[in-house]
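[1] can't give you the sequence, but here's the structure:
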């Protein structure tokens with residue numbers, strides 16, 4: 001009698017689990033991989049969070065305000081001794097890819113690469129001016145905090161290895177693909193002198209700039225700090 005009751009209960013439970021789409025513990029899930037929802041666009045395969053333009057490590061506006069408040073404020077150093085060669089960039093990242101190609105890959109949509117990792121097709125939107133591109137040669141890879149700005153803010157005292165890490169940093173919001181025109185207009189200017197034409201990007205820009213300077217312990221000027229604070233005030 002007890003065995004019949006146990007069997008009836010087990011059958012009922014199995015039917016309920018099947019109707020709910022569940023598999024019993026230790027069972028095999030036979031659902032097809034293509035039936036599962038895709039990973040959200042805000043996450044890379046390695047789990048790192050990125051913004052809509054593929055920029056990783058962007059802090060919240062509140063965290064950025066805290067980091068900005070804690071940055072060292074002082075006048076910039078001179079450009080004496082600076083050359084771009086002191087910041088070796090576009091380093092090899094393996095599989096025939098260099099830093100530039102990795103940034104193009106993560107920033108674009110439907111990016112196709114050839115055997116040498118060069119982006120031969122894709123779709124990109126330049127966050128600085130909202131311009132759209134299908135040819136990667138029309139894009140520059142911008143250093144959020146320009147190399148010369150970093151030099152004047154403390155990088156002149158770094159080792160060559162530290163400067164190379166900074167110039168190829170794929171973990172923090174330091175590298176992004178933008179239109180060549182905006183990158184060249186920006187040059188080595190800080191936010192007190194240049195802001196993205198697309199004002200809807202000011203919030204992200206200020207958060208990213210502050211995060212990079214905070215991580216690398218680079219200084220800011222008074223005018224730079226005030227400009228960043230104003231840009232952070234555009235965050236909703």
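    That came in fine, so what should we check first? The structure presented is a predicted model; accordingly, all values stated were derived computationally and were not measured.
[2] and the top strand by length along the chain, how far out from the chain's middle?
    If you go by DSSP state E, the chain has its longest strand at strand 119-125. Its chain's C-alpha centre and that of strand 119-125 lie 17 Å apart, by CA atoms, centre = their mean, to the nearest Å.
[3] Kindly report the same for stretch 170-188.
    Between the centre of stretch 170-188 and the centre of its chain there are 12 Å (CA atoms, centre = their mean).
[4] low-scoring pLDDT stretches of this protein, where are they?
    1-53 (pLDDT under 70).
[5] which residues in it form helices?
    For the chain, the helices defined by DSSP state H occupy 2-19, 61-70, 99-107, 147-152, 160-167, 180-186, 202-215, 222-232.
[6] tell me the most buried of those helices?
    Most buried of the helices of the chain, by mean neighbour count (mean count of other CB atoms under 10 Å): helix 202-215, with a mean of 23. All C-beta atoms are positioned from the backbone trio N, CA, C, and that covers glycine.
[7] before we move on, back to that, JSON lines for the helices of the chain, including distance to residue 128?
    JSON lines is the format used below for the helices of the chain (distance: least, CB to CB, whole Å):
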{"stretch": "helix 2-19", "distance to residue 128": "52"}
{"stretch": "helix 61-70", "distance to residue 128": "18"}
{"stretch": "helix 99-107", "distance to residue 128": "12"}
{"stretch": "helix 147-152", "distance to residue 128": "16"}
{"stretch": "helix 160-167", "distance to residue 128": "20"}
{"stretch": "helix 180-186", "distance to residue 128": "4"}
{"stretch": "helix 202-215", "distance to residue 128": "8"}
{"stretch": "helix 222-232", "distance to residue 128": "13"}
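[8] returning to that earlier point: can you spell out which helices and strands pack onto the longest strand of the chain?
    helix 99-107, strand 109-113, strand 132-133 (3 or more CB pairs under 8 Å, 6 or more residues apart in numbering; DSSP states H and E).
[9] Please give me every residue in contact with the closest residue to residue 223 other than its chain neighbours.
    Nearest residue to residue 223 in three dimensions, chain neighbours excluded: residue 192, at 4.0 Å (CB to CB, 6 or more residues apart in numbering). Contact analysis of residue 192 by CB atoms under 8 Å, 6 or more residues apart in numbering lists 221, 223-224, 226-227.
[10] repeat that for 7 Å
    Residues counted as contacts of residue 192 (CB atoms under 7 Å, 6 or more residues apart in numbering) are 221, 223-224, 227.
[11] cool, residue 188 as well?
    146, 148-149.
[12] Equivalent analysis for residue 74, please.
    residue 219.
[13] Dihedrals phi and psi, it?
    Phi and psi for residue 74, reported as degrees, to the nearest 10, are phi -160, psi 170.
[14] From residue 220, how far out is it?
    Using CB to CB, to the nearest Å, one gets 8 Å for the distance from residue 74 to residue 220.
[15] circling back: mind giving me a markdown table with the helices and strands packed on strand 119-125 and columns for distance to residue 66?
    Output for the helices and strands packed on strand 119-125, formatted as a markdown table (distance: least, CB to CB, whole Å):
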| stretch | distance to residue 66 |
| --- | --- |
| helix 99-107 | 27 |
| strand 109-113 | 33 |
| strand 132-133 | 35 |
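[16] Show me the one of these that comes nearest residue 212.
    Of all the helices and strands packed on strand 119-125, it is helix 99-107 that lies closest to residue 212, at 14.6 Å by CB to CB.
[17] Tell me the gap between the closest one and the middle of its chain.
    Distance of helix 99-107 from the chain centroid (CA atoms, centre = their mean) equals 10 Å.
[18] Specify which member of the contacts of residue 192 is nearest to residue 166.
    Among the contacts of residue 192, and counting by CB to CB, the member closest to residue 166 is residue 224, at 17.8 Å.
[19] No more questions from me, cheers.
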